[in-house]
Structures are given as structure tokens and as C-alpha cells.
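Trainee: need coordinates for the following:
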Amino acid sequence: MVWTPEHTGLFLDHVAEDRLYALFHLIAFRGLRRGEACGQKWTDTNLDAGLITVAKQLVVDGWEVYEDDPKTDAGARTIALDSDTVQALKQHRAQQDKDREEWGSAWVETGRVFTKENGELLHPANVTRRFIELYEEIDLPPIRLHDLRHGAATLAHAAGADLKDIQEMLGHSSITITADTYTSLLPEADLAIAEAAARLVPRARATSENTAPEAEPEPDDAEHPGPESVPDDADPLGGISEINSPSAHAPLTQTAPDEESEAE
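Mentor: Numbering: from 1, shown residues only. You can find the predicted model right below:
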């Protein structure tokens with residue numbers, strides 16, 4: 001499942017003072033995988049240019065954590081950051097600098113953007129545990145941390161990104177993976193884009209039922225058609241059959257139980 005934009009906003013407002021706020025913000029808006037966010041280095045993060053390069057990830061093996069390259073060549077990518085995300089990361093960096101000063105010689109320098117208070121690596125499983133604790137505090141619908149990544153894709157698409165843009169942002173090795181994963185999530189965003197596109201063309205005369213030409217009045221002695229004149233396959237009341245479209249928040253078909261599945 002994915003949260004609605006309203007759910008995401010409620011969550012981010014609730015966790016704004018949490019030390020991992022910037023991590024959740026980054027995943028929610030730019031779609032990093034959990035291991036990619038935990039493995040992000042400051043040397044691959046250029047806040048002045050508003051860019052981050054995803055070059056490493058933290059992988060969990062049993063309970064052990066080790067650094068590895070992204071899953072695919074496409075996973076190693078550079079992502080543009082919006083101004084709000086840049087500001088969140090700048091505030092996070094200022095807090096980390098304060099932590100480094102307070103811990104002094106006990107600080108563990110890993111060069112990571114997101115760390116424990118003493119600078120040590122974050123365990124990705126503990127990040128997931130913290131995420132669940134935080135959204136349960138305000139009774140939001142249960143989702144996986146990885147589903148914040150899905151939400152980032154739907155937000156990007158609603159803002160005008162096409163599947164190719166989303167593929168590059170998420171680091172999928174094939175656009176087929178992107179299409180298979182998100183086809184059921186995007187129809188409502190597609191409708192919004194279509195409506196927005198239609199409104200870009202100025203019209204002096206609106207297209208509406210009020211612009212249809214008026215029918216000439218019939219003579220008083222004109223015959224009015226009876227029910228037998230209605231075709232057998234027509235709705236005599238002129239109704240329109242309901243068109244069902246999948247919801248943008250429909251459940252995803254999971255290809256694998258692994259939260260960090262390449263299929264997502």
C-alpha cells in the first residue's frame with residue numbers, strides 16, 4: 001500500500017523533531033531505498049548544487065551489516081533534490097556537527113549522512129523499527145518503510161514525471177520493472193495530469209452542455225415517440241454506465257518478501 005499525500009504530510013509533521021526526520025523526508029520525496037539512505041555519504045552529497053549521488057548501500061545479512069555497491073548499474077545514480085529536501089539535510093548536518101563536537105574523541109567518523117548519535121552506522125532494521133513506532137503514535141495506516149519509496153514515485157508522477165523519469169529516480173534496471181510495479185498506482189495521477197493539460201489552453205467558449213444549440217420547438221400536433229422507439233440496447237433513461245478505474249492507492253503485488261527487492 002501507499003499513503004495518500006495527506007498521510008505523508010501528517011507523518012512528516014509528526015516526526016519533524018526526530019533525529020531521523022531528514023532520512024524519512026529523503027525517502028518520501030526522492031525514493032531512495034532504505035539501504036541506500038543508510039549508506040549515503042556526505043562526499044556523495046552536494047547540497048549547494050542540490051544533488052546526491054547514490055554510490056553505496058548498507059546491506060543486512062542475518063543481523064550483520066556491510067557496505068556494498070547498489071544492486072544494479074542503474075542503481076548508481078545522481079538525483080536532484082528539491083529546496084525543502086536540501087533544507088532538511090542542511091539542518092540535519094548542523095545537528096550532526098553538534099553531536100560530533102559533544103562526543104569529542106568518542107565520536108566514530110563514518111562519513112555517513114545518517115548515523116547514530118555517536119556517529120556509528122545505523123542498522124537498517126532499527127530504522128524500520130523506528131519508522132513503525134512513529135506512525136503508530138498517530139494511528140496512520142500500516143505500511144512498510146519501503147512503501148515511502150512507492151509514495152515518492154506517485155508524487156513525482158502527479159507532478160508530471162513520466163515512467164522514464166521515475167525509473168531513473170528510483171534506479172530500476174528496466175522501465176518494465178517500473179511499469180509493472182506502478183501501473184496500478186498511477187491512473188488517478190494520470191487523470192489529474194490530463195485535466196491540468198486541458199486547462200493550459202485558453203478558451204473563449206467553454207465546452208459544456210450549456211453551449212449546445214437549442215432544439216427548434218416542435219409543432220403542437222407533433223407525435224412524440226413512445227417507448228417502442230427506444231433501441232433495445234439503450235438505457236431509456238439516458239443514463240451513463242459507471243466506469244470503474246483502479247485506485248491510485250491500490251495494494252501492490254509483491255514480487256518478493258524482501259523489503260529491498262530489486263523489483264521495487
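
Trainee: only C-alpha atoms for contact and neighbour calcs from this point on.
Mentor: OK.

Trainee: in the chain, where is pLDDT below threshold?
Mentor: Along the chain, the model assigns pLDDT under 70 to residues 72-74, 183-194, 206-264.

Trainee: going along the chain, name the strands of it.
Mentor: All strands of the chain, identified by DSSP state E, fall at 45-46, 51-54, 57-61, 64-68, 77-80.

Trainee: buried ones in stretch 137-151?
Mentor: Using 16 or more other CA atoms under 10 Å as the burial criterion, the residues of stretch 137-151 that qualify are 145, 146, 147, 148, 149, 150, 151.

Trainee: which residues does the third one contact?
Mentor: Going back to what we said before, that points to residue 147. Contacts for residue 147 (CA atoms under 8 Å, 6 or more residues apart in numbering) come out as 1, 2.

Trainee: what distance do you get for it to residue 4?
Mentor: Taking CA to CA, to the nearest Å as the measure, residue 147 falls 11 Å from residue 4.

Trainee: repeat that for the fifth one.
Mentor: Taking CA to CA as the criterion, residue 149 is separated from residue 4 by 13 Å.

Trainee: spatially central residue for the chain, please.
Mentor: Residue closest to the average C-alpha location in the chain (CA atoms, centre = their mean): residue 152, at 1.6 Å.

Trainee: now do the contacts for it.
Mentor: Going by CA under 8 Å, 6+ apart, residue 152 touches 27, 28, 29, 30, 31.

Trainee: so what's the first one closest to, chain neighbours aside?
Mentor: In space, not counting the residues next to it along the chain, residue 27 is nearest to residue 149; the distance is 5.7 Å by CA to CA, 6 or more residues apart in numbering.

Trainee: the one you found and residue 35 touch, don't they?
Mentor: No - in this structure, residue 149 is not within contact of residue 35 by CA atoms under 8 Å, at 11.9 Å.

Trainee: show me where this structure has helices.
Mentor: Under the criterion DSSP state H, the chain contains helices at 5-14, 21-30, 34-39, 83-103, 124-136, 146-158, 163-170, 175-182, 187-198.

Trainee: tell me the most buried of the ones you listed?
Mentor: helix 34-39 (a mean of 25; mean count of other CA atoms under 10 Å).

Trainee: give me the contacts around that one.
Mentor: 23, 26-27, 54, 56-59, 67, 70, 112-115, 121-124, 145-146, 260.
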